[in-house]
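# Just a sequence and a predicted model for now, questions to come.
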Number of protein chains: 2
Amino acid sequence: MKILIIEDEESLQRSLDTYLTAEGYTCSNAKNYDIAKQKLALYEYDCILLDLGLPGGEGLELLRFLKEKDRTDGVIIISARNSLDQKIEGLSLGADDYLIKPFHLSELNARIASVIRRRSFEGKDHFTFNEIDVDLKGKQIKVKDQIVYFTKKEFDLLLYFMTNKNKAISKAAAVEHIWGDDADMADSFDFIYTHIKNIRKKLIDAGSNDYFQSIYGVGYKFVDQ
Amino acid sequence: MKILIIEDEESLQRSLDTYLTAEGYTCSNAKNYDIAKQKLALYEYDCILLDLGLPGGEGLELLRFLKEKDRTDGVIIISARNSLDQKIEGLSLGADDYLIKPFHLSELNARIASVIRRRSFEGKDHFTFNEIDVDLKGKQIKVKDQIVYFTKKEFDLLLYFMTNKNKAISKAAAVEHIWGDDADMADSFDFIYTHIKNIRKKLIDAGSNDYFQSIYGVGYKFVDQ
DNA sequence: CCTCAATAATGAGTATTTTCATAATGTAAA
DNA sequence: TTTACATTATGAAAATACTCATTATTGAGG
């Protein structure tokens, strides 16, 4: 997953890059309008973090550029709350989300994941990976064209990992995804082991592979292989 | 719950008023800056729906006014997506949420409920109603100073009804609140009967009243009485 | 390589959530 | 009033989710 960080404030840019790289994203940086435009001309990104605080309203300019070109890159706007004069036209210009500084990196991470996931589903009603086919509308999963029944939690979890293929997912992140806001209610994440075990069993029983690779001290990665 | 609708487009204003009144809110209308300001000077509202499309940026002006006066009314901004020149400074100015036209009334309804709920919790860690005391941090409920154990779903449901005291809640709305996004996965809402039954029993066993009044064809209302 | 401590997997038990069949109740029409 | 029909209540059973104790695996440091 490729992310473009458009941010002039160097310390923030560096934290973002470090954090997101650790999260498994491939980051590219642009510290001003020109570099950003140049990179945007060359590549598409899964998600663009755009600081509207670039001088001279250049942030909005970039957003307009993307819109004109019918680009489908996900965009998350970052802006300062105290810059009252800063115009936030962004959402009308098609940005996917916004964040007001200061924000927690984990919050950013969640939004990026959500934007990427939303985009990867856009218009689709099936999500396929090798012999696994997830029917998003019918909430049904087929493995090798055979319906395999997964419980709701299993379904959510499997889909979550599939949409984050080859990306290490911490247990905490997975639990937050299952539990949503109530995640803080959980005092132990142990039940994730049970769910993973059950999903693995169902997949293997259906003649598929164990795509879940456990990452010691972190969580799991759903791998190609 | 009092809502102020600041909207100049008459047909939209009327739909909002009709719908929200049916939802049990008390609506007040303002079709321009002057009327809005006048009403705001007289009353506080639980939620203000503010169309930023008022001529001459008057919408933002109202928002600044509220901010200056340290008003705590909830504010949801409504704005048109295609009005590219419209400046959406709103979020920096302390609005609680925004909606881009056109939107579904049910979506608006959900946001209003969420804004009102959030505000009613602001800074509190207890939510009390007669002899029922909900410890929001400790996720614990006391009835007549005795701890009564509710399961997670029961807890959420009871709290939801308590925060919507005297307001009819449809089963669909309650289920959506329990299930979140997965609500569409539900093909039957029957389990709500069981949950309500169990909550009622626990409350009555603890010496409290049955505050749940069932509304035929709709759902339930948590009443004062 | 071993050893050790930390983390993960597993199986079985417990609790919660949901479904289902049935009974009770409310509403409107005959 | 009845009657018919739809909605809600209830108890019990089934499915699901979570916990816990035990065993296995991992990776760091000797």
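Great, that's in hand.
# Mind checking what helix or strand follows the helix or strand bottoming out on mean pLDDT in chain A in sequence?
Ranked by mean pLDDT, DSSP states H and E, the weakest helix or strand in chain A is strand A:97-101, scoring a mean of 72. Once the chain leaves strand A:97-101, the next helix or strand it forms, by DSSP states H and E, is helix A:105-121.
# Who are the contact partners of the residue in chain A that DNA strand D sits nearest to?
Per C-beta to the nearest atom of the strand, A:Thr151 is where chain A lies closest to DNA strand D, at 2.8 Å. (C-beta placed from N, C-alpha, C; glycine too.) If a contact means C-beta atoms under 8 Å, 6 or more residues apart in numbering or on different chains, then A:Thr151 has A:Asn198 as its contacts.
# Go again with 10 Å.
Counting by C-beta atoms under 10 Å, 6 or more residues apart in numbering or on different chains, A:Thr151 touches A:157, A:195, A:198-199, A:202.
# Need these in JSON lines (columns: distance to chain B, neighbour count and pLDDT).
JSON lines is the format used below for these (distance: C-beta to the nearest C-beta, whole Å; neighbours: other C-beta atoms under 10 Å in any protein chain shown; pLDDT from 0 to 100):
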{"residue": "A:Leu157", "distance to chain B": "13", "neighbour count": "24", "pLDDT": "94"}
{"residue": "A:His195", "distance to chain B": "16", "neighbour count": "19", "pLDDT": "95"}
{"residue": "A:Asn198", "distance to chain B": "19", "neighbour count": "15", "pLDDT": "96"}
{"residue": "A:Ile199", "distance to chain B": "17", "neighbour count": "22", "pLDDT": "96"}
{"residue": "A:Lys202", "distance to chain B": "18", "neighbour count": "18", "pLDDT": "96"}
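# Cross-check the residues you listed against DNA strand D and keep the overlap.
With respect to DNA strand D, and counting by C-beta under 7 Å from any atom of the strand, the subset of those in contact is A:His195.
# Which strands or helices does the lengthiest strand in chain A pack on?
The longest strand of chain A (DSSP state E) is strand A:74-80. Packed against strand A:74-80 by the contact rule (3 or more C-beta pairs under 10 Å, 6 or more residues apart in numbering or on different chains; DSSP states H and E) you find strand A:2-6, strand A:47-51, helix A:58-68, strand A:97-101, helix A:105-121.
# which one of these has the lowest average pLDDT?
Lowest mean pLDDT within the helices and strands packed on strand A:74-80: strand A:97-101, a mean of 72.
# can you dump the C-alpha coordinates of stretch A:215-225 into CSV?
Output of stretch A:215-225 as CSV, limited to C-alpha atoms (Å, rounded to 0.1, in the frame of the first residue of the first chain):
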residue,chain,number,x,y,z
ILE,A,215,3.9,-12.7,14.0
TYR,A,216,5.4,-13.2,17.4
GLY,A,217,4.7,-10.4,19.8
VAL,A,218,2.5,-8.5,17.2
GLY,A,219,-0.4,-10.3,15.7
TYR,A,220,-1.0,-11.9,12.4
LYS,A,221,-0.4,-11.3,8.7
PHE,A,222,-2.6,-12.7,6.0
VAL,A,223,-0.1,-13.8,3.3
ASP,A,224,-0.2,-14.5,-0.4
GLN,A,225,1.9,-17.6,-0.7
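# hmm, that stretch in reach of DNA strand D?
Yes - counting by C-beta under 7 Å from any atom of the strand, DNA strand D is contacted by stretch A:215-225 at A:216-217.
# in that stretch, what counts as buried?
Along stretch A:215-225, these residues count as buried under the neighbour rule (16 or more other C-beta atoms under 10 Å in any protein chain shown): A:219-222.
# Could you double-check that A:Ile6 sits in contact with A:Glu61?
No - with contacts counted by C-beta atoms under 10 Å, A:Ile6 stays clear of A:Glu61, the gap being 11.2 Å.
# ranking the helices and strands packed on strand A:74-80 by burial, who's on top?
Among the helices and strands packed on strand A:74-80, judged by mean count of other C-beta atoms under 10 Å in any protein chain shown, the one packed with the most neighbours on average is strand A:47-51 (a mean of 26).
# what about it, distance to the chain center?
Averaged C-alpha coordinates place strand A:47-51 at 13 Å from its chain's average position (C-alpha atoms, centre = their mean, to the nearest Å).
# all helices for chain A, in order.
Taking DSSP state H, the helices of chain A run over residues A:10-22, A:33-42, A:58-68, A:105-121, A:152-162, A:171-179, A:191-205.
# Could you list the alpha-carbon positions for the fourth one in PDB?
Right, the one you point to is helix A:105-121. C-alpha atoms of helix A:105-121 as PDB (Å, rounded to 0.1, in the frame of the first residue of the first chain):
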ATOM      1  CA  LEU A 105      -1.100   8.500  15.000                       C
ATOM      2  CA  SER A 106      -3.400   5.600  15.800                       C
ATOM      3  CA  GLU A 107      -6.400   7.700  14.800                       C
ATOM      4  CA  LEU A 108      -4.700   8.500  11.600                       C
ATOM      5  CA  ASN A 109      -3.900   4.900  11.100                       C
ATOM      6  CA  ALA A 110      -7.500   3.900  11.600                       C
ATOM      7  CA  ARG A 111      -8.700   6.500   9.100                       C
ATOM      8  CA  ILE A 112      -6.100   5.400   6.500                       C
ATOM      9  CA  ALA A 113      -7.200   1.800   6.900                       C
ATOM     10  CA  SER A 114     -10.800   2.800   6.600                       C
ATOM     11  CA  VAL A 115     -10.200   4.900   3.500                       C
ATOM     12  CA  ILE A 116      -8.200   2.200   1.800                       C
ATOM     13  CA  ARG A 117     -10.700  -0.400   2.700                       C
ATOM     14  CA  ARG A 118     -13.600   1.600   1.500                       C
ATOM     15  CA  ARG A 119     -11.900   2.200  -1.800                       C
ATOM     16  CA  SER A 120     -11.000  -1.400  -2.300                       C
ATOM     17  CA  PHE A 121     -14.700  -2.200  -1.900                       C
END
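# can you state the direction angle for that helix and helix A:171-179?
With axes from the mean of the first three to the mean of the last three C-alpha atoms, to 10 degrees as the basis, helix A:105-121 and helix A:171-179 are set at 60 degrees to each other.
# Tell me what angle helix A:105-121 forms with strand A:74-80.
Using the same axes, to 10 degrees: helix A:105-121 against strand A:74-80 is 150 degrees.
# Also the last one?
Note on geometry: by the same axes, to 10 degrees, helix A:191-205 and strand A:74-80 are set 170 degrees apart in direction.
# Tell me how chain A divides into domains.
According to automatic domain parsing, chain A comprises the domains A:2-121, A:126-222.
# Distance to B:Cys27 for the helices and strands packed on strand A:74-80 - can I get that in JSON lines?
Converted to JSON lines, the helices and strands packed on strand A:74-80 look like this (distance: least, C-beta to C-beta, whole Å):
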{"stretch": "strand A:2-6", "distance to B:Cys27": "43"}
{"stretch": "strand A:47-51", "distance to B:Cys27": "38"}
{"stretch": "helix A:58-68", "distance to B:Cys27": "35"}
{"stretch": "strand A:97-101", "distance to B:Cys27": "29"}
{"stretch": "helix A:105-121", "distance to B:Cys27": "33"}
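# Fine by me, we can end here.
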